[in-house]
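*Asks:* sequence? don't have it. structure:
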């Protein structure tokens, strides 16, 4: 029973991964990647780690891939055209290197893997290791420092993203009257890059005049 | 042949069939109830011709959906266009398996059964995860229709959904703090104190009133209902992300919206209003008896109907948010209040 489920989900994961690489349409690749993540989550459940499976679906398949799909949709990324391969020597060298890699992995698994102590496989229905309570207890007692450092890392990422995406904004007491425009000097004068001093135009005609000065 | 495993699987398949049929019946009659109740709020009668008082209207609607012409836009991306309603309805229905409908009951043939289809440790995270996947149904539907209005509707709906998922999840953290478990069956069992009235919303070691209100608002936003229904507003974007869908595929989206409504109502009932706990039912009927289970299931259904009525009532009463007001409200008000709720609950529970 477990073997059938494992073959099913592992085959699904490998199939979706191959589809992701081989597809020319980027949205189909993104959908295949979502399929890979969900198959991996099912494999985690069979390995007695239900919490990791749920978090994988929530974070990876449900949040990160949503943003990737947004980007593909908004930027309207084109489908790749089929074109003739120009560096034809790459195909045999890729096959040779892949064979070398697989031979190395087989060597390691066959000769080295059996002598290392491996933890006993957990029974998914009775194991206590992957339960939420065990993970929570470990995270807040023994592994507290890595937990806090991870929070600081995420905070750094957020602050960095905000710093990079910030642009020159108007000061809070800028005047905005309906029918007129408040423009930043960087828009009106092409030489004043990044200057956020507000230039107030009281009527639509005045703002047109200001902007036409930029074009002329 | 392990007969225990086969019997277990057969029992679960039977439970799934019953739950599936029940959910579809409830959804069909919720559509009818919405049309009638909205009509009464707006001072007219709803559909009351088909059958006694209009009770066979859902079957008329079903016939219409099946027999309608199925139009597929020419330049749409075929695979994604057909995948989107499937994803929407699948994720809506998949969450049904973790809700406990009633207490332990001793049935004559099956012995001691728990009235839940699947009981596992991370049930609440499972529900949140499946809700996150449901965003794809809308986003892919909007994009694959090859229609600017659908694309805008789909993207707006997806942005709204992922924004309100945050406050939805955070409002549930208060309940998880108090119950100490993510298993929905346990959470409902813990609310059976005080003769079945010790619900999480009035729990003495941290009443979840703020959490309940935040959850309710986030749930209304998650299901794209008024006042958060800009993505499918008729006056705004034709019909939003499901403009180009006709007949059965539109019926799938339509059903998916109502099943989502049912799902979030079930979650609210289970986590905040005590699930199947009916006051004084355990004392009158005794634990484990069939009557107690029946009364509990009926109580659960009554609480569900209350929430569905609340949704319909709000639809008839409130105007809708503009999109920037919506996003402001979700990020700048609900999220901080949800975090505040966690802090208050944790402090209260610690010092109680």
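*Replies:* Sure thing, it's come through. Being a predicted model, the structure only gives us computed values, none of them experimental.
*Asks:* going forward, measure contacts between C-alpha atoms and count neighbours the same way
*Replies:* OK.
*Asks:* and residue B:104, that one's in a strand?
*Replies:* Yes: assignment of residue B:104 by DSSP: H, G, I helix; E, B strand; the rest coil places it within a strand.
*Asks:* tell me how many other residues crowd it.
*Replies:* Residue neighbour count, defined by other CA atoms under 10 Å in any protein chain shown, stands at 18 for residue B:104.
*Asks:* again with residue A:70
*Replies:* Neighbours of residue A:70 under the rule other CA under 10 Å: 19.
*Asks:* do the helix or strand harbouring residue A:156 and chain B meet?
*Replies:* Here residue A:156 sits within helix A:144-165, counting by DSSP states H and E. No: residues of helix A:144-165 are not located near chain B by CA under 8 Å from any CA of the partner chain, the shortest gap being 15.1 Å.
*Asks:* tell me which other helices or strands that helix touches.
*Replies:* Contacts defined by 3 or more CA pairs under 8 Å, 6 or more residues apart in numbering or on different chains; DSSP states H and E place helix A:144-165 against helix A:132-140.
*Asks:* report the inter-axis angle for the helix it packs on versus helix A:144-165.
*Replies:* 80 degrees (axes from the mean of the first three to the mean of the last three CA atoms, to 10 degrees).
*Asks:* if we can go back for a sec, avg pLDDT for the helix holding residue A:156?
*Replies:* Across helix A:144-165, the average pLDDT comes to 92.
*Asks:* gap between it and the chain center?
*Replies:* Taking the mean of its C-alpha atoms, helix A:144-165 sits 16 Å from the chain's own mean (CA atoms, centre = their mean, to the nearest Å).
*Asks:* contacts for that helix, please.
*Replies:* A:138, A:139, A:140 (CA atoms under 8 Å, 6 or more residues apart in numbering or on different chains).
*Asks:* what's the spacing between the first one and residue A:146?
*Replies:* Going back to what we said before, that points to residue A:138. 11 Å (CA to CA, to the nearest Å).
*Asks:* likewise for residue B:130?
*Replies:* Per CA to CA, residue B:130 is found 29 Å from residue A:146.
*Asks:* and these two? Which one has more around it.
*Replies:* residue B:130 (21 against 12).
*Asks:* what's the helix or strand for that one?
*Replies:* Assigned by DSSP H and E, residue B:130 falls within helix B:123-144.
*Asks:* what angle sits between the helix or strand following that helix and helix B:123-144?
*Replies:* Going down the chain from helix B:123-144, the next helix or strand is helix B:148-179, by DSSP H and E. Compare the direction of helix B:148-179 with that of helix B:123-144 by the same axes, to 10 degrees and you get 170 degrees.
*Asks:* what about residue B:310, distance to residue B:196?
*Replies:* 23 Å.
*Asks:* can you list the residues of the stretch 101-250 of chain B near chain A?
*Replies:* Residues of the stretch 101-250 of chain B lying near chain A (CA under 8 Å from any CA): B:121-122, B:125-126, B:128-130, B:132-133, B:135-136, B:143, B:155, B:162, B:181-182.
*Asks:* low-confidence ranges in chain A?
*Replies:* Filtered on pLDDT under 70, chain A yields the residue ranges A:113-121, A:124, A:167-182, A:186-188, A:190, A:194, A:202-204, A:207-208, A:210-216.
*Asks:* the domain parsing of it - what is it?
*Replies:* Domains of chain A are assigned by automatic domain parsing as A:1-79+A:129-135, A:181-215.
*Asks:* please name whichever of these is nearest to chain B.
*Replies:* domain A:1-79+A:129-135 (4.4 Å; CA to the nearest CA).
*Asks:* can you confirm whether the closest one lies near chain B?
*Replies:* Yes: contact of domain A:1-79+A:129-135 with chain B (CA under 8 Å from any CA) involves A:50-51, A:54-55, A:57-58, A:61-63, A:66, A:70, A:73, A:131-133.
*Asks:* please indicate which of those are buried?
*Replies:* Using 16 or more other CA atoms under 10 Å in any protein chain shown as the burial test, the residues of domain A:1-79+A:129-135 next to chain B include A:50-51, A:54-55, A:57-58, A:61-63, A:66, A:70, A:73, A:131-133 as buried.
*Asks:* quickly run through the sheet partners of the helix or strand of chain B with the lowest mean pLDDT, with directions.
*Replies:* For chain B, counting by mean pLDDT, DSSP states H and E, strand B:111-115 ranks last in confidence among helices and strands (a mean of 77). Sheet pairing for strand B:111-115, assigned by DSSP bridges, gives strand B:102-107 (antiparallel).
*Asks:* what about the longest helix in chain B?
*Replies:* Criterion DSSP state H: the longest helix present in chain B is helix B:3-41.
*Asks:* and the helix or strand following it with helix B:3-41, angle?
*Replies:* For helix B:3-41, the succeeding helix or strand toward the C-terminus, using DSSP H and E, is helix B:57-67. Interaxial angle of helix B:57-67 relative to helix B:3-41 (the same axes, to 10 degrees): 100 degrees.
*Asks:* where does pLDDT dip in chain B?
*Replies:* The model of chain B has pLDDT under 70 over residues B:1, B:233-240.
*Asks:* in the helix holding residue A:156, what's buried?
*Replies:* Residues of helix A:144-165 classed as buried by neighbour count (16+ other CA under 10 Å): none.
*Asks:* again, but for stretch B:323-342
*Replies:* By 16+ other CA under 10 Å, the buried positions in stretch B:323-342 come out as B:323, B:326, B:327, B:330, B:334, B:335, B:337, B:338, B:339, B:340, B:341, B:342.
*Asks:* quick check, the third one in a helix?
*Replies:* Yes: inclusion of residue B:327 in a helix is indicated when three-state DSSP is applied.
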